[in-house]
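> Model the following, please.
(one chain, ligands or ions: 1)
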Amino acid sequence: MAMLSNEAAIYSLLLVVGTFAFLWFTANTWASRRFSPTDYFALTGVRAPQALLDFDVDKANARPYRPFRWEYHQTMSLKSMDPDRWVELESTYRERIHQRMELYAIHNKKIIDWLPGSEDACRELMEMVIQFVCARYPRQFQMDAASGLFRNDILNIVSDTTNIHPLLFLLQHIPEDFLLTQEDKTSGLYVFRAGVSCSSIGWNVSTKIGLPLADIHGDVPDYKEKMEFSMNRFFTNMKIDKPIQRGSWGIEVGRPLFLQEEDPDYRVHVPDLKLRDIHLRVDWQTLRRLPKSRAICFNFKALFTPIEQFRTEPFIPRLLLKILRDGKPSFMEYKSFSHVEGIVVPALQEWVKEQEDKGWVPADWKERTLDEDPFFPGWESKL
Ligand code: HEM
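The predicted structure follows:
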């Protein structure tokens, strides 16, 4: 009997301790899920964006980013981020959100994944993005911090931010990719630890997660020799109040967002390819350090422009032609031009001649990065 009552006492004790532990754990988990009232503009020192009170997402054009540089060296080529444009919405919003949700339904961890230890950084990122879009697009988005409910008036939906993974929330509302890197305490290197990404050609979240920057960029020509050292130093020293932006570009057939090597149309020669099928794809990227977790967030969106548009953009055909003809062969191969070269080069040659005849570009102009980089003279009139 005494034995039994001892066992019962130990059992009761375990039950009480277990219940307390469970309640404590739940309370803490719950607490971390509440929407924090932090003012991230004040905390980061990056000012709030100007509110766009007349914004109409269906009519908004992306700016014509043309990040072509000459001499074309493999460098970081960073500029300060414009605080108004950390996240930018434009007329493809609805279509993109739909496409991204579909991609996630099909490819799952190739689109979204996170490693243990990234939870706080993901949450902080979501809160910062919410605060930004509510300040920039107040007619489209509203957040009620007390209830944790986020209202999206473009899609006409309300999301409860307290019971959704932050990366899923971002997938549902923001058509940009977000990749979070965190410092590995042992090596000091920055490692990709959580992200949502649909704009990936030849790679995906599952092929890069858990890797340090050097391994992520393993296929990028000259990365090891020309960039690795400065990238690692830049990430280690990056300041919270100094976000940056840069552009990456490629020439694509159609408008592929997510394309993998095993896809049948992955960079193959298309018979009967027309000029109108070819697009410039620009991934406009920003990089910033989050103030609480100190993770570094890399976010970007893919923008497509028919290459035929270059005809009306002074200097752009000439600059691109120079890069295609005289760029470093390893880089041209990485950018995979060969399947479109036969069509793009003659068209550019024709437009170069036309722009010289019209007096838009002096015939003796020596190719160089434009003063308007990443744009071109007169780009504002194209909006
Ligand atoms: C200052 C920061 C960064 C710079 C300067 C940079 C630079 C580059 C460059 C030059 C390329 C080749 C494509 C091109 O842009 O022409 C590239 C590709 C890529 N970058 Fe970065 N990168 C940066 C940060 C990151 C971060 C933080 C991640 C992920 C966490 C990342 C992921 C990738 C991936 C996945 C590719 C494609 C690689 C492939 O083709 O396998 N980058 N990056």
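
> only C-alpha atoms for contact and neighbour calcs from this point on.
Will do.

> Next to the ligand, which bits of the stretch 201-350 of the chain? Give me the list.
Proximity of the stretch 201-350 of the chain to the ligand is confined to 203, 216-217, 219-220, 248-249, 298 under the rule Cα under 6 Å from any ligand atom.

> In CSV, list these along with neighbour count, pLDDT and secondary structure.
As requested, those are exported to CSV (neighbours: other Cα atoms under 10 Å; pLDDT from 0 to 100; DSSP: H, G, I helix; E, B strand; the rest coil):
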residue, neighbour count, pLDDT, secondary structure
203, 15, 96, coil
216, 16, 98, helix
217, 16, 97, coil
219, 11, 90, coil
220, 16, 92, coil
248, 15, 93, strand
249, 18, 94, strand
298, 19, 98, strand
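
> Quick one: the strands in the stretch 251-383 of the chain, in order.
Using DSSP state E, counting those that start in this stretch, the strands of the stretch 251-383 of the chain run over residues 278-289, 296-306.

> The stretch 1-150 of the chain too?
Taking DSSP E, counting those that start in this stretch as the criterion, the stretch 1-150 of the chain carries its strands at 79-80, 112-114, 141-144, 149-152.

> which of those is buried the deepest?
strand 112-114 (a mean of 21; mean count of other Cα atoms under 10 Å).

> which residues are in contact with it?
104, 167-168, 193-197, 205-206, 209 (Cα atoms under 8 Å, 6 or more residues apart in numbering).

> ok, and the closest non-adjacent residue to residue 294?
The shortest distance from residue 294 to any non-neighbouring residue, by Cα to Cα, 6 or more residues apart in numbering, is to residue 182 (7.4 Å).

> Which element, helix or strand, includes the one you found?
For residue 182, the host element (DSSP states H and E) is strand 177-183.

> what pairs with the closest residue to the ligand within the stretch 251-383 of the chain across the strands?
Closest approach between the stretch 251-383 of the chain and the ligand, counting by Cα to the nearest ligand atom: residue 298, at 5.1 Å. Per DSSP bridges, the residues bridged to residue 298 are residue 179, residue 287.

> Could you tell me the least trusted of the strands of the stretch 1-150 of the chain?
Among the strands of the stretch 1-150 of the chain, strand 79-80 carries the lowest mean pLDDT, a mean of 93.

> which neighbours does that strand have in its sheet, and in what orientation?
Using DSSP bridges, the strands paired with strand 79-80 in its sheet are strand 244-253 (antiparallel).

> what's the burial count for residue 188?
13 (other Cα atoms under 10 Å).

> Quick one: the helices in the stretch 201-350 of the chain, in order.
205-208, 213-216, 228-237, 316-326, 329-335, 338-357 (DSSP state H, counting those that start in this stretch).

> helices and strands around the second one, which ones?
Spelled out, it's helix 213-216. strand 190-196, helix 228-237 (3 or more Cα pairs under 8 Å, 6 or more residues apart in numbering; DSSP states H and E).

> Comparing those, which comes out most buried?
It is strand 190-196: most buried of the helices and strands packed on helix 213-216 by mean count of other Cα under 10 Å, with a mean of 26.

> tell me the angle that one makes with strand 177-183.
Interaxial angle, strand 190-196 versus strand 177-183 (axes from the mean of the first three to the mean of the last three Cα atoms, to 10 degrees): 150 degrees.

> which residue sits closest to the most centrally placed residue in the chain, ignoring its sequence neighbours?
Residue closest to the average C-alpha location in the chain (Cα atoms, centre = their mean): residue 300, at 2.0 Å. Setting aside the residues directly before and after it, residue 300 is nearest to residue 285 in space (Cα to Cα, 6+ apart), at 4.2 Å.

> and what of residue 206?
Closest to residue 206 by Cα to Cα, 6+ apart is residue 110, at 4.9 Å.

> Would you mind measuring from that neighbour to residue 216?
Distance, residue 110 to residue 216, using Cα to Cα, to the nearest Å: 15 Å.

> go on, residue 127?
Taking Cα to Cα, one finds residue 127 at 27 Å from residue 216.

> and what of residue 41?
31 Å.

> what does residue 352 give?
37 Å.

> now do residue 207
With distances taken as Cα to Cα, residue 207 is found 9 Å from residue 216.

> With residue 379 instead?
34 Å.

> Next: residue 79.
In terms of Cα to Cα, residue 79 sits 22 Å off from residue 216.

> So residue 183 is in contact with residue 189, correct?
Yes. Judged on Cα atoms under 8 Å, residue 183 makes contact with residue 189 at a distance of 5.5 Å.

> And for the residue lying closest to residue 83 once chain neighbours are set aside, the neighbour number?
When the adjacent residues along the chain are set aside, residue 83 lies closest to residue 49, with 5.8 Å between them (Cα to Cα, 6+ apart). Residue 49: 18 surrounding residues under other Cα under 10 Å.

> pretty sure residue 49 contacts residue 136?
Yes. Assessed by Cα under 8 Å, residue 49 is found in contact with residue 136 at 5.6 Å.

> joint contacts of the two?
residue 84.

> Not counting residues beside it along the chain, what's closest to residue 217?
Per Cα to Cα, 6+ apart, closest to residue 217 is residue 223, 6.7 Å.

> Next one, pLDDT for that neighbour please.
On pLDDT, residue 223 comes in at 92.

> try the one 10 residues further on
The confidence metric pLDDT takes the value 96 at residue 233.
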